[in-house]
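Visitor: fold the stuff below for me.
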Amino acid sequence: MKWQKDYNIGITVVDEQHEKLCGMLTNLETSINSDDVYLAMRDILKALVEYTKYHFEEEEKLMQRISYPDFERHKKLHKDLVDEIVTILVDLKNGKEISVFELKTFLQKWLMDHILVEDKMIGEYFNS
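Guide: Here you go, the predicted model:
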């Protein structure tokens, strides 16, 4: 997944974090070629969860600082994604086979939908 300037929401720090998340998804995709795909996927997902939590916390602080009117709903979207990724990590730890392609597709779709719809609204509110 290659970052494109069209994905920017107009808040530099958030855009930089989104670009890093895209890079992490690219790393997940390359894990398909790893000798131990599930070990690589687990390690990348752990890093993704940690960075995503950090990013969400920063984004939520920003939303509170600007009194973003849809803060609670947006915060719940963040929590739901983290919970879903943690569930996937637990499944991997318990030996469940998970398709890297399906996981990558799900995460890319979620990230793009979230950035291009939800986060764009924050950018518009911030820059208005």
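Visitor: could you use CA atoms for every contact and neighbour count after this?
Guide: Will do.
Visitor: centre of the chain versus the lowest-mean-pLDDT helix or strand in the chain, how much separation?
Guide: For the chain, counting by mean pLDDT, DSSP states H and E, helix 100-113 ranks last in confidence among helices and strands (a mean of 85). Here the centre of helix 100-113 is set off from its chain's centre by 9 Å, with C-alpha atoms, centre = their mean, to the nearest Å.
Visitor: cool, stretch 58-74 as well?
Guide: With C-alpha atoms, centre = their mean, you get 17 Å for stretch 58-74.
Visitor: contacts for that stretch, please.
Guide: For stretch 58-74, the external contacting residues (C-alpha atoms under 8 Å, 6 or more residues apart in numbering) are 14, 75, 118, 122, 125, 126.
Visitor: contact partners for the last one?
Guide: Read it as residue 126. By C-alpha under 8 Å, 6+ apart, residue 126 lies in contact with 11, 66.
Visitor: quick one, longest helix in this structure?
Guide: The longest helix of the chain (DSSP state H) is helix 37-65.
Visitor: ok now that helix, how far from the chain's centre?
Guide: 6 Å.
Visitor: quick one: average pLDDT of that helix?
Guide: On average, the pLDDT along helix 37-65 is 88.
Visitor: surely residue 17 touches residue 54?
Guide: No. Residue 17 is not in contact with residue 54 according to C-alpha atoms under 8 Å; the separation is 9.5 Å.
Visitor: ok, the two, which is more surrounded?
Guide: residue 17 (18 against 13; other C-alpha atoms under 10 Å).
Visitor: report the contact partners of that one.
Guide: Taking C-alpha under 8 Å, 6+ apart as the test, what residue 17 contacts is residue 55.
Visitor: any idea which element it lies in?
Guide: Using DSSP states H and E, the secondary-structure element containing residue 17 is helix 12-30.
Visitor: same question, residue 72
Guide: helix 71-93.
Visitor: list the buried ones in that helix?
Guide: 71, 74, 78, 81, 82, 85, 88, 89, 92 (16 or more other C-alpha atoms under 10 Å).
Visitor: ditto for stretch 15-30
Guide: Across stretch 15-30, burial judged by 16+ other C-alpha under 10 Å covers 15, 17, 18, 19, 20, 21, 22, 24, 25, 27, 28, 29.
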